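**Student:** Predicted model follows, preceded by the sequence.
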Amino acid sequence: MSTTEVEYSVDKPLNREPPVKRLVASFITPDDAYYDRNHGPIPHLSADKHTVTVNGLVSQPLTLSIAQLRSDFPQHEVVCALQCAGNRRHTMRTLLKEVQGIDWMDAAVMNCKWRGPRLRDVLEKAGVQKNREGLHVAFGCYQVKCQDDDWFGGSVKLERGLREDGEVILALEMNDKPLPHAHGHPVRVVIPGVTGARWVKWLDRITVQENESPNYYQRRDYKILPPDATDSQSAQKYWDKVPPIMEMPINSVVAVPDDNETITLPPSGKVEVNGYAVPQGDQGPVTRVEVSGDGGKTWVDAQLEGSAKDKKWCWVLWRADVPVEKGSGREILSRATDAGGNTQQEHSEWNLRGVVYNGYGASRGLAVV
């Protein structure tokens, strides 16, 4: 492995998000608006030397170079949102109750174009066994040590990985360029609709196996613990009982205006509001976003911009002109609905790790003059 140019350490990994206003300025997220979530250093790997091993319950184990992944398989392109399970944790923490974890605001998400071979094509070449019921496909990166484990891994059910309409790929490109080092160069897993914790970066191993990944971040993190798990000690009995987070929920965020801004009300009495919305799992696209300037008493339908409403896996950017009364402490709310009929509720249930919060999007503390 090559870790001679590690930028961040195990103790201080790179974790950051852009200003939410910057995030919603473009349907395809540009380089300067990416969020970063890491549990250890960033390895700088050579695409010429890196290989991916495919093993486990397959009849023909493989060791594939990046060149082979590019030339030996059809290349598939998918536009989809990548989301941290902790996106909007700050809202759960401040609106409901204290939680454990990085204080993510509303911008731990990005919408990108990904390109590479389908996972199903690679597994078929490796001779994945025909009796697939109950099996898992696990992804591993053994390049660097993480905060809580010697390697990073995740898994999904094999059925999910093999679905042609699931569009799971081994991404070699992101937004028509090679993956950046911080986002998994030279290859990462892309699993549309599933939390980013399973999108293993710097991928070097794919294993078909009977059980889910034994990695710490699959077994003892990224789970929605029940409300009576109120601290690390009371959580212990639940880690082996609660399933790992997979699909991300329906969600929306009010990005403009941002919290605590002062707004001059135009003669129309309406404020222009912008934001993003993401569908639940594989039940996209987002079909409707409603916005309220009076605490949810009345709602205005937002315009869904661009071609996003035709895309299953990606976010929509939306705008609405919303009536708001003058005064202090005003708030603007949003709620999204997708093609599967999922609609945001006012709040989601509290959990210790503060994950998958998807209550109404909101901009709070506004002064309207």
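**Tutor:** Yes, it's here. Numbering: from 1, shown residues only.
**Student:** ok, which stretches of the stretch 101-250 of the chain are helices?
**Tutor:** In the stretch 101-250 of the chain, the helices defined using DSSP state H, counting those that start in this stretch lie at 119-125, 158-162, 216-219, 232-235.
**Student:** of those, which approaches residue 368 most closely?
**Tutor:** helix 232-235 (42.1 Å; CB to CB). For the C-beta atoms, the positions are set from N, CA and C on the backbone; glycine is no exception.
**Student:** Residues in contact with the closest one: which ones?
**Tutor:** The contact list for helix 232-235, computed with CB atoms under 8 Å, 6 or more residues apart in numbering, reads 100, 225, 228-229, 352.
**Student:** which stretch among the helices of the stretch 101-250 of the chain comes nearest residue 249?
**Tutor:** Taking CB to CB, helix 158-162 is the member of the helices of the stretch 101-250 of the chain nearest to residue 249, at 16.9 Å.
**Student:** What is that closest one packed up against?
**Tutor:** Here helix 158-162 is seen to pack against helix 119-125, strand 136-141 when contacts are counted using 3 or more CB pairs under 8 Å, 6 or more residues apart in numbering; DSSP states H and E.
**Student:** hey, C-alpha coordinates of the shortest one in CSV?
**Tutor:** Listed in CSV are the C-alpha atoms of strand 136-141, where the atom choice follows Å, rounded to 0.1, in the frame of the first residue of the first chain:
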residue,chain,number,x,y,z
HIS,A,136,-24.0,-10.4,1.8
VAL,A,137,-21.4,-8.6,-0.3
ALA,A,138,-18.8,-6.9,1.9
PHE,A,139,-16.4,-4.1,0.9
GLY,A,140,-13.1,-3.4,2.5
CYS,A,141,-10.3,-0.8,2.6
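**Student:** partners of that strand in the sheet?
**Tutor:** Each strand that pairs with strand 136-141, with its direction, by DSSP bridges: strand 152-157 (antiparallel), strand 205-209 (antiparallel).
**Student:** just so I have it, where are all the strands in the stretch 1-150 of the chain?
**Tutor:** In the stretch 1-150 of the chain, the strands defined using DSSP state E, counting those that start in this stretch lie at 51-56, 62-65, 75-83, 109-117, 136-141.
**Student:** quick one, the first one and strand 205-209 angle?
**Tutor:** Using axes from the mean of the first three to the mean of the last three CA atoms, to 10 degrees, one finds that strand 51-56 and strand 205-209 are set 10 degrees apart in direction.
**Student:** What are the buried residues along strand 51-56?
**Tutor:** Buried residues in strand 51-56, counted by 16 or more other CB atoms under 10 Å: 52-54, 56.
**Student:** Same question for the second one.
**Tutor:** By neighbour count with 16+ other CB under 10 Å, strand 62-65 contains the buried residues 62, 64-65.
**Student:** again, but for stretch 256-274
**Tutor:** For stretch 256-274, a neighbour-count test (16+ other CB under 10 Å) marks 256-258, 263, 271, 273-274 as buried.
**Student:** Next, format the residues you listed as a markdown table and append distance to residue 196, pLDDT and secondary structure.
**Tutor:** Formatted as a markdown table, these follow (distance: CB to CB, whole Å; pLDDT from 0 to 100; DSSP: H, G, I helix; E, B strand; the rest coil):
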| residue | distance to residue 196 | pLDDT | secondary structure |
| --- | --- | --- | --- |
| 256 | 24 | 98 | strand |
| 257 | 28 | 97 | coil |
| 258 | 24 | 95 | coil |
| 263 | 33 | 96 | strand |
| 271 | 32 | 97 | strand |
| 273 | 27 | 98 | strand |
| 274 | 24 | 98 | strand |
